[in-house]
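Enquirer: need coordinates for the below:
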Amino acid sequence: KFKCPYCGFEFSLLYARTFACQGCSEALRSCPKVRCQKCDTEFFINETPRINTKEQQKFMADHICDVVEDYRNRHGFVGNR
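Expert: The predicted model follows:
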């Protein structure tokens, strides 16, 4: 789980990509940022306590990109908004 450093809202990265990043072309390009759906603030993945290095940040960004892309492919979504 991620916690927004600005408003304290807790959410998963998948939740953020599904709702807050919906329609953003960077969401499917290993974006290193997370957007809080509650306060709409964007912050880097490595600003969270458990992600300490750029390598960990890249791994998380790549992983969630693959998850979202797989979901879109399975359900017939084409392209970005």
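Enquirer: remind me, longest helix of the protein?
Expert: When the chain is parsed with DSSP state H, its longest helix is helix 54-74.
Enquirer: tell me what that one is packed against?
Expert: Judged by 3 or more Cβ pairs under 8 Å, 6 or more residues apart in numbering; DSSP states H and E, helix 54-74 is in contact with helix 13-15. Heads up, the C-betas are built off the backbone N, CA and C, glycines and all.
Enquirer: so what touches the following helix or strand past the helix it packs on?
Expert: As assigned by DSSP states H and E, the chain's next helix or strand after helix 13-15 is strand 33-35. Outside strand 33-35, the residues that touch it by Cβ atoms under 8 Å, 6 or more residues apart in numbering are 2, 13, 16, 20-21, 24, 26, 41-45, 48.
Enquirer: show me which of the residues you listed are buried.
Expert: Neighbour-count burial (16 or more other Cβ atoms under 10 Å) is assigned, among the contacts of strand 33-35, to 2, 13, 16, 20, 21, 24, 42, 45, 48.
Enquirer: may I ask which two of those are separated the most?
Expert: 24 and 48 (19.3 Å; Cβ to Cβ).
Enquirer: output the longest helix of the chain in CSV with nothing but the alpha carbons.
Expert: Written as CSV, here are the backbone C-alpha positions of helix 54-74 (Å, rounded to 0.1, in the frame of the first residue of the first chain):
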residue,chain,number,x,y,z
LYS,A,54,15.6,4.2,-8.3
GLU,A,55,16.0,0.5,-9.2
GLN,A,56,13.1,-0.4,-6.9
GLN,A,57,11.1,2.5,-8.3
LYS,A,58,11.7,1.3,-11.9
PHE,A,59,10.8,-2.3,-11.0
MET,A,60,7.5,-1.2,-9.5
ALA,A,61,6.7,1.1,-12.4
ASP,A,62,7.5,-1.6,-15.0
HIS,A,63,5.5,-4.2,-13.0
ILE,A,64,2.3,-2.2,-12.7
CYS,A,65,2.6,-1.1,-16.4
ASP,A,66,2.7,-4.8,-17.3
VAL,A,67,-0.3,-5.6,-15.1
VAL,A,68,-2.4,-2.7,-16.6
GLU,A,69,-1.3,-3.6,-20.2
ASP,A,70,-2.2,-7.3,-19.6
TYR,A,71,-5.7,-6.3,-18.2
ARG,A,72,-6.3,-4.0,-21.2
ASN,A,73,-5.3,-6.7,-23.7
ARG,A,74,-7.5,-9.3,-22.0
